[in-house]
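**Student:** predicted model follows, preceded by the sequence.
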Amino acid sequence: MPVRFYNTMTRELEDFTPLQQGTVTMYTCGPTVYNFLHIGNLRSFLFEDLLHRWLTYRGYNVRQIMNLTDIDDKTIKGSQAKKIPLAEYTEPYKKAFFDDLKTLNFTPAEKYPSATEHIPEMVAIIEKLIAGGYAYETDDGVYFKITSFAPYGKLAHLDRDSLRAGASGRVANDEYEKETVSDFALWKKWTPGDGDVKWDSPWGEGRPGWHIECSAMSMKYLGETLDIHTGGVDNMFPHHENEIAQSEAATGKPFVRYWLHAAHLVVEGEKMAKSKGNFYTLRDLLEKGYSPRSIRYLLYTTHYRKPLNFTFDGIKAADASLKRIDDFLFTLRNVKNSGEADSALTALLKTQTEKFEAGIDEDLNIAEGMGALFELIRAVNEKMESVTTALAGEIIAFFEKIETVLGFLSLGGPGELNEEDMELIAARTAAKKNKDFARADEIRKALLAKGIEVRDTPDGPVWKRI
Ligand SMILES: [Zn+2]
C-alpha cells in the first residue's frame, strides 16, 4: 500500500510519490528564535519528526531542511528592547532549540540554515520579482503585488472578494490575518526602530520580510520544486501563501507538491496564552517533573490533523501507556518457554504489524498504529504462558524496529544497566548464595532507591526500571 498524505493544497488524500525516486525533499518552517519552544511548537515539530521517521522507515532517503528565523519583527523587537545585537539576542534561543530537540529525541534534519546567513539569496529573488513585474519599490520597502500573480490565494482558498479588497493595500508586518490580505513586504527599508539590524541591498539598507526567507532557503538547498513543505496550520496564511507566490513567480515552476499542516494545540480545552497562565515551554514541564518520554508520547501519538488537547491528565495517561509497554517487553525478555509455537499468536503478530503500518501509511495516523500495538499487547498478555522464547524474540525485534519510528521507548526508559549496577546485582546474588540475607536485602534496597527492581526467577535474577 502506498503512503498517502492529506495535501492542504487540494484538500484531498493523495498517494505520495517523490519527484526523484527514492529521495524525498522536505522543508519545515523552523522556530523563530526569540523564545524557548512551547508545546504548540513541539506538537508541529514532532509531527514533522514522525513524517521524517516514517518516510525513512518506508525506505526513502529523507532530505529535510529546517530553517531558523532569526530576523523578523519579533527577534528585532526583542534585541532592541534588550539593547543588544540581534545575533547576541538569538544565540541562546538557537542553542536552547537544539538542546530541546535532543531532549525529545528528534531525528536531526540535514541542515538548519539561519536567515541572517542567506541575505544575498533573498536579494536575488527580489530582484527577479521586480524584473518580472511581480514586485515594486516604495518609500519604505519592496512589496509583492498580489494581483500580478493570478493563483494568489490557492493554498488558503481565499475568496475573490477578499483579494479585491486587499489589492489596494499594503502590509509591512510579517504576520497578519486573512482579513487584511494585501501586497506584502519582501524588503523593509531601515528605520531607527531596527537599530543595528540592517543589510545592504539595491534598495538601500534594510532587512528582508519573513516570507522571502523561507523561499530562499528552501530552494537553495532542495531545488525549485520541493516534494513536501510542512508547518503549523497558522502558517498556512499568510506565510505559506506568500512563499508560493514569491517562489513560483520567480521560477515559473511549481514550488511544492505536497503541503502538510499540523492542527492546533489547546491546553485543558483552551487556547494557550501567556495571559491565561496556561502557556508551557518544554522547560516548564521538565521543571514540574514530567519526563521527556511522556511528553514526547503525548504530543506524538495524536493524529497531526486533529486538534490536540494537552492536559496534565493526558501526561499521566501517557505514563501509564508507556508503563504497559515497558512491562510487556520486560515480561517477554524473561520468557523461558522453549516449547511449540502458538500459531494463532504468530499470526497475530503479523496482522498487528500490518495494521500498525497501514495506520501510519494513511496520512500518518499514528493513533491508529498505537491502537494496533495495544491490541497486540493485550492479546499476547492474555496468553503469555504459551509464548515461546522464539516468539518473544520476534515481538521484541518488532518493537525495536518500530522504535525507529516512535522514538520514545528508549528515551530515558528501561535500557541497559551501567557497570556499577550490574556489579550490585551480582553482589546480591553472591550474598544470597552465601546465605547472607541481610546483605542481599540491603543491596536490593539500594538498587530500589536507584529505581531498579530485582526479582528472582528459577533462571536467576531479572531486573527492571520502576
Ligand atoms: Zn517558513
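**Tutor:** The structure has been received and is ready for your questions.

**Student:** tell me the pLDDT of the nearest residue to residue 298 once chain neighbours are set aside.
**Tutor:** Take residue 298 and drop its neighbours on the chain: the residue closest to it by CB to CB, 6 or more residues apart in numbering is residue 318, 4.3 Å away. To be clear about C-beta, it is placed using only N, CA and C from the backbone, and glycine gets the same treatment. Listed pLDDT for residue 318 reads 96.

**Student:** what about the protein, any weak spots by pLDDT?
**Tutor:** Where the chain drops to pLDDT under 70, the residues are 166, 168, 412-417, 457-460, 465-466.

**Student:** which bits of it sit near the ion?
**Tutor:** 29, 214 (CB under 5 Å from the ion).

**Student:** which helix runs longest in the chain?
**Tutor:** helix 312-333 (DSSP state H).

**Student:** chain center to it, what's the gap?
**Tutor:** Taking the mean of its C-alpha atoms, helix 312-333 sits 22 Å from the chain's own mean (CA atoms, centre = their mean, to the nearest Å).

**Student:** could you do stretch 77-92 as well?
**Tutor:** The answer for stretch 77-92 is 26 Å, by CA atoms, centre = their mean.

**Student:** list the beta-bridge partners for residue 226.
**Tutor:** Counting by DSSP bridges, residue 226 forms beta bridges with residue 256.

**Student:** make residue 1 into 838 and carry on from there
**Tutor:** Got it, first residue is 838 now, which makes that one residue 1063.

**Student:** ok, it touching residue 1052?
**Tutor:** No: contact criterion CB atoms under 8 Å: residue 1063 and residue 1052 do not qualify, at 10.7 Å.

**Student:** the residue nearest to residue 1135 and residue 1130, how far apart?
**Tutor:** According to CB to CB, to the nearest Å, residue 1155 stands 8 Å off from residue 1130.

**Student:** same thing with residue 997?
**Tutor:** 49 Å.

**Student:** per the record, what domains does the chain have?
**Tutor:** 841-1099, 1119-1243, 1256-1302 (automatic domain parsing).

**Student:** check which helices and strands the following helix or strand past the longest helix of the chain sits against.
**Tutor:** Per DSSP states H and E, the first helix or strand lying C-terminal to helix 1149-1170 is helix 1180-1198. Packing partners of helix 1180-1198 (3 or more CB pairs under 8 Å, 6 or more residues apart in numbering; DSSP states H and E): helix 1203-1219, helix 1226-1243.

**Student:** what sits up against the helix or strand just after the last one?
**Tutor:** So that's helix 1226-1243. Using DSSP H and E, the next helix or strand after helix 1226-1243 towards the C-terminus is helix 1256-1270. Helix 1256-1270 is touched from outside by 1254, 1274, 1276-1277, 1280-1281, 1283-1284, 1287, 1289, 1291, 1293, 1297-1298, 1300, with contacts defined as CB atoms under 8 Å, 6 or more residues apart in numbering.

**Student:** before we move on, the earlier item: who has more neighbours out of residue 997 and residue 1130?
**Tutor:** More crowded of residue 997 and residue 1130, by other CB atoms under 10 Å: residue 1130, with 20 against 8.

**Student:** the more buried one contacts residue 1244, doesn't it?
**Tutor:** No: if you go by CB under 8 Å, residue 1130 and residue 1244 don't touch, sitting 9.7 Å apart.

**Student:** so which helix or strand takes in the residue of the stretch 938-1087 of the chain found nearest the ion?
**Tutor:** Nearest residue of the stretch 938-1087 of the chain to the ion (CB to the ion) works out as residue 1051 at 3.2 Å. Per DSSP H and E, residue 1051 falls inside helix 1047-1059.

**Student:** other SSEs contacting that helix?
**Tutor:** strand 860-865, strand 898-903, helix 956-968, strand 1020-1026, strand 1063-1069, helix 1078-1088.

**Student:** pairing partners for the helix or strand just after the longest one, with directions?
**Tutor:** Where DSSP H and E defines the elements, the next helix or strand beyond helix 956-968 is strand 972-974. For strand 972-974, sheet partners with direction are given as strand 978-981 (antiparallel), following DSSP bridges.

**Student:** what's the partner strand in contact with?
**Tutor:** By CB under 8 Å, 6+ apart, the list of residues contacting strand 978-981 reads 963, 966-967, 971-973, 1007, 1009, 1020-1026, 1040, 1043, 1046, 1079, 1082-1083, 1086.

**Student:** can I get the CA coordinates of it in CSV?
**Tutor:** Coordinates of the C-alpha atoms in strand 978-981 are reproduced here as CSV (Å, rounded to 0.1, in the frame of the first residue of the first chain):
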residue,chain,number,x,y,z
GLY,A,978,10.4,48.9,1.1
VAL,A,979,9.8,46.4,-1.8
TYR,A,980,6.4,44.8,-2.0
PHE,A,981,5.0,41.8,-3.8
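
**Student:** which residues are contacting the helix or strand following it?
**Tutor:** Sequence-wise, the next helix or strand downstream of strand 978-981 (DSSP H and E) is helix 997-1003. Helix 997-1003 is contacted from outside by 983-984, 989-990, 1015-1020, using CB under 8 Å, 6+ apart.

**Student:** try 6 Å
**Tutor:** 990, 1018-1019 (CB atoms under 6 Å, 6 or more residues apart in numbering).

**Student:** check the offset of that helix from the chain's centre.
**Tutor:** Taking mean C-alpha positions (CA atoms, centre = their mean), helix 997-1003 and its chain are 35 Å apart.
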